[in-house]
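**Student:** need coordinates for the below:
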Amino acid sequence: MWQDAKALNATANGIYALVFGVCVAAGVYWLAHRPVFNLRTIRVEALASADLRHVNLLTLKNGTQGRIRGNFFTANLENVRQVFEAVPWVRRATVRREWPDQLIVEVEEHEALGTWGEDGRLLSVKGDVFTANLAEAEEDHELPQFSGPDGSEKEVLARYAELRKWFAPAKLVPEGLALSGRYAWTVMLDNGTSVALGREQTPRTLKDRVDRLVSIWPQLAARVPDIETIDMRYQNGLALAATGLKIPAEKTK
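**Tutor:** The predicted structure is shown next:
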């Protein structure tokens, strides 16, 4: 090999290239870590021009302080995104660099529709369950109560929208909706009445039961005041309980 000039030249060139590459990498590393590239500004904007009602500089500072590492070049944007998305009320965040010392963070905020379960969590209008200050959410509007098995959030949200339409002809408004572990539905109305609709045996089961109740509601409400519960899980009838009144019925379905 030592007598092969071509091989020696190729080896030497390879070593020179390796040394040069290491020097360049070291130089880039040294330059990238200079104080001049320290992050001086993290600018927060609303994603897609949406309003930020609950996310503010104080909540962002408290939620992200000390958790963002690196400078303009070395900050991991994915980690920064996760840090911001862990802040209460933040649904989604996108992060980008802006020369020479800024990060631009665009934030989308949760919009609370109601509460979920019994542990103080909130359900958003997009079917996301999140944790935030319940008192802040209640400042916007009275919160309906929702519950259901894990993973059923979007199904419950969609059914709630349908029930509002179905009960509208009787001027009744659902204020809560529960889906049991056996997938039986119970809706709480704005007049305090709880309506058991049962399981969805066919695509029209729930709709038919609501329509039946809506059709007789004026007469029923006029004759029986202060109705507490109504059980619609009967083929051709119903059972109800009211203050000072009990009407037993044999369940047929």
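**Student:** contacts and neighbour counts: CA atoms only from here.
**Tutor:** Noted.
**Student:** what's the closest non-adjacent residue to Val80?
**Tutor:** By the measure of CA to CA, 6 or more residues apart in numbering, the closest residue to Val80 outside its immediate chain neighbours is Ile68, 6.2 Å from it.
**Student:** neighbours around the one you found, how many?
**Tutor:** Neighbourhood size, Ile68 [other CA atoms under 10 Å]: 16.
**Student:** tell me which element it falls in.
**Tutor:** Using DSSP states H and E, Ile68 sits within no helix or strand.
**Student:** ok, it - contacts?
**Tutor:** Contact criterion CA atoms under 8 Å, 6 or more residues apart in numbering gives 75, 79-80, 83 as the residues in contact with Ile68.
**Student:** among these, which are in helices?
**Tutor:** When DSSP state H is applied, those are split such that 79-80, 83 fall in helices.
**Student:** where neighbours are concerned, which of these has the most?
**Tutor:** Taking other CA under 10 Å as the neighbour criterion, Val80 ranks highest of the ones in helices among the contacts of Ile68 with 20 neighbours.
**Student:** test my guess that that residue contacts Val95.
**Tutor:** Yes. Contact status for Val80 versus Val95: in contact at 7.2 Å, counting by CA atoms under 8 Å.
**Student:** ranges for the helices of the stretch 101-250 of the chain?
**Tutor:** With DSSP state H, counting those that start in this stretch, the ranges of helices along the stretch 101-250 of the chain come out as 134-140, 153-167, 205-223.
**Student:** now do the last one: which elements does it pack against?
**Tutor:** On a contact count with 3 or more CA pairs under 8 Å, 6 or more residues apart in numbering; DSSP states H and E, helix 205-223 meets helix 153-167, strand 194-199.
**Student:** and these, which is most packed in?
**Tutor:** Among the helices and strands packed on helix 205-223, judged by mean count of other CA atoms under 10 Å, the one packed with the most neighbours on average is strand 194-199 (a mean of 20).
**Student:** that one - what's its average pLDDT?
**Tutor:** Averaged across strand 194-199, pLDDT comes to 98.
**Student:** just how off-centre is it within its chain?
**Tutor:** Its chain's C-alpha centre lies 26 Å from the corresponding centre of strand 194-199 when counted by CA atoms, centre = their mean, to the nearest Å.
**Student:** could you list the low-pLDDT ranges of the chain?
**Tutor:** Low-confidence segments of the chain (pLDDT under 70): 1-39, 48-50, 244-253.
**Student:** turn the helices of the stretch 101-250 of the chain into TSV, columns for distance to Val55.
**Tutor:** Putting these into TSV (distance: least, CA to CA, whole Å) gives the following:
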stretch	distance to Val55
helix 134-140	11
helix 153-167	24
helix 205-223	39
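**Student:** list the contacts for Leu177?
**Tutor:** Taking CA under 8 Å, 6+ apart, we find Leu177 in contact with 144-147, 156, 160, 185-188.
**Student:** that one: what's its closest spatial neighbour, skipping adjacent residues?
**Tutor:** For Leu177, the closest residue by CA to CA, 6+ apart turns out to be Val187, at 4.5 Å.
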